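A.B. asks: Fold the following for me, if possible:
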Amino acid sequence: MSSSLRINKRVVVYNKADLANPKMTQKYLKYTREVEKYDCFEMSAKKHIHVDKFISHIKHKVNPRFSTIGNWMMIGGNPNVGKSTIINTLRVKEDNIEHNRKSGARVGAVPC
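C.D. replies: Now for the predicted structure:
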């Protein structure tokens, strides 16, 4: 599994940007871009702030592995960071994507 994670492009999203200190958010964004070398975004999925910017990036910069099924995403994070809100917001924003209404946010395996 770790080998497949290495070949896939990672994008870091700092959600709930509307609740965070803007200066600290910019500090984390700069660190993530310059040191970690990941594309990153701040957004508020609940208030739909910067969601379009994230969607545009995914559409134009992340090439799907299989053209017939499009992009797949894995969303992870600590509890209460808005993972389900991000998923559901993306589904609502991109209602023209085929098959987007068949599944929503679901909990996967929970570690012991």
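A.B. asks: for this protein, which helix is longest?
C.D. replies: In the chain, taking DSSP state H as the definition, the longest helix is helix 22-34.
A.B. asks: Quick check: which element contains the residue nearest in space to the middle of the chain?
C.D. replies: For the chain, the residue nearest the mean C-alpha position is residue 13 (5.3 Å; CA atoms, centre = their mean). In the assignment (DSSP states H and E), residue 13 maps to strand 11-14.
A.B. asks: Outside of that strand itself, list whatever touches it.
C.D. replies: Counting contacts by CB atoms under 8 Å, 6 or more residues apart in numbering, the residues outside strand 11-14 that touch it are 20, 25, 28-29, 32, 36, 38-43, 54, 57-58, 62, 86. Where you see a C-beta, it was placed from the backbone N, CA and C, and this is true even at glycine.
A.B. asks: buried residues in it?
C.D. replies: Residues of strand 11-14 classed as buried: 11, 13-14 (neighbour count, 16 or more other CB atoms under 10 Å).
A.B. asks: ok, now stretch 21-34?
C.D. replies: Using 16+ other CB under 10 Å as the test for burial, stretch 21-34 gives 29, 32.
A.B. asks: go on, stretch 55-62?
C.D. replies: Residues of stretch 55-62 classed as buried: 55, 58 (neighbour count, 16+ other CB under 10 Å).
A.B. asks: hmm, who's touching that stretch?
C.D. replies: 9, 11, 39, 41, 71, 73, 90, 93-94.
A.B. asks: go on, stretch 36-46?
C.D. replies: So stretch 36-46 is in contact with 9-20, 25, 28-29, 32-33, 49-51, 53-54, 57, 61, 82, 85-86, 88-90, going by CB under 8 Å, 6+ apart.
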